[in-house]
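# build me a model from this:
(one chain, ligands or ions: 1)
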Amino acid sequence: MVSPQLVLHANASQLAAAAAARLVTKLVDLQSFGRIPSVVLTGGTIGIEMLASINASPARDAIDWSRVDFYWGDERFVPADSPDRNEKQARQALLDHVPVNPDRVHAMASSDGKYGDDLDAAAAAYSDLVDHCNGFDITMLGLGPDGHVASVFPKNPGVYETRPAFGVRNSPKPPPLRISLSLPTIRTSDEVWIITAGSSKADAVALALGGAGEIAIPAAGATGIKRTLWMLDREAAVRLPSSVLRAPVS
Ligand SMILES: O=C(O)[C@H](O)[C@@H](O)[C@H](O)[C@H](O)COP(=O)(O)O
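Alright, predicted model coming up:
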């Protein structure tokens, strides 16, 4: 397992802009080799701000958006038009403003979609979809103050999940019903980027990078095959020992 790489930024808006620039560059690079990149998007404040930053970037149109496969790390199991939907927020921030191929936007079902309110059927369908894609190029994740990534919460049954995707009930973070990729599936990604800002995340960052196990801190188990990249702002990094803070702050 590759050791995590740490990049620090001065504040949340610089972090979102830097993550956006990094994703644009990565997608252009992968497409220059004739690849159709598969990217796992995240919900959450920074995750959506990053997408909006891509949309505002002049480099946005350097990407052939019709040749990118989009997945989600998790989704709230609510009606499609709910403002809580990660998909809706991602579309508003970026996906509805670029010429994506609708067949390559692989959203997790909503509670008023094809599977109705059957959370387990909706999760099983996403499991089947993910089973047939051979891993991801980049999985982006936000981080909760409790160390959750996607909707894998500490000491919750989800930390033991081995299915590609699963239903979450009683999520500690509202809304209660969700679909999430499991940690083993996140680990099929070539690169995992954990992008987080703010002092409320500092303890979780320090525990995840300080050797905590994934049952207590699921972020500790969010690793990529080739790269695990932690992109932080100063506040989220404040509990890290100086020995870890080798990366220059931008
Ligand atoms: O659906 C979700 O809620 C997210 O996927 C979740 O994993 C999020 O990324 C973290 O909770 C961080 O969220 P914030 O950046 O808003 O704190």
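# Asn86 - nearest residue in space that isn't next to it in sequence?
Gly43 (3.4 Å; Cβ to Cβ, 6 or more residues apart in numbering). C-beta coordinates here come from the backbone N, C-alpha and C atoms, glycine included.
# what's near enough to touch that neighbour?
Under the criterion of Cβ atoms under 8 Å, 6 or more residues apart in numbering, the neighbours of Gly43 are 72-76, 86, 89-90, 142.
# which one of these is nearest the ligand?
Gly142 (2.3 Å; Cβ to the nearest ligand atom).
# for the closest residue to Ala222 other than its chain neighbours, give its distance to Ala206.
Of all residues not flanking Ala222 in the chain, Val149 sits nearest, at 4.7 Å (Cβ to Cβ, 6+ apart). Val149 sits at a distance of 15 Å from Ala206 (criterion: Cβ to Cβ, to the nearest Å).
# of those two, who's got more company?
Just comparing Val149 and Ala206: by other Cβ atoms under 10 Å the higher neighbour count belongs to Val149, 31 against 18.
# quick check: that one vs Ala121, distance?
24 Å.
# do Lys26 as well
In this structure, Lys26 and Ala121 are 34 Å apart, going by Cβ to Cβ.
# now swap in Leu23 and tell me
32 Å.
# neighbour count: the two, which is higher?
More crowded of Leu23 and Ala121, by other Cβ under 10 Å: Leu23, with 23 against 13.
# name the nearest residue to that one, sequence neighbours excluded.
Excluding the flanking residues, the one nearest Leu23 by Cβ to Cβ, 6+ apart is Ile54, at 6.5 Å.
# same question for Gly221.
The nearest residue in space to Gly221 (Cβ to Cβ, 6+ apart) is Glu214, at 2.9 Å.
# pLDDT wise, what is the one you found at?
Looking at Glu214, its pLDDT stands at 98.
# hmm, it is touching Leu183, no?
Yes - if you go by Cβ atoms under 8 Å, Glu214 and Leu183 touch, sitting 6.1 Å apart.
# looking at those two, which one has more neighbours?
Per other Cβ under 10 Å, whichever of Glu214 and Leu183 has more neighbours is Leu183, with 23 against 19.
# give the contact list for that one.
With Cβ under 8 Å, 6+ apart, Leu183 has these contacts: 152, 159, 161, 214, 218, 221-222.
# let's see that with 7 Å instead.
152, 159, 214, 218, 221-222 (Cβ atoms under 7 Å, 6 or more residues apart in numbering).
# pick out the most distant pair among those.
Farthest pair in these (Cβ to Cβ) is Val159 and Ala222. Separation: 11.3 Å.
# the ligand contacts on the protein?
42-47, 73-74, 86, 142-144, 148-150, 173 (Cβ under 6 Å from any ligand atom).
# quick one, which of the residues you listed are buried?
42-44, 46-47, 73-74, 86, 142-144, 148-150, 173 (16 or more other Cβ atoms under 10 Å).
# now, these that are in helices?
46-47, 86 (DSSP state H).
# ok, the residues you listed vs Gly34, which is closest?
Among these, Gly47 lies closest to Gly34 (Cβ to Cβ), at 27.8 Å.
# mind checking pLDDT for Pro248?
If you check Pro248, the pLDDT there is 50.
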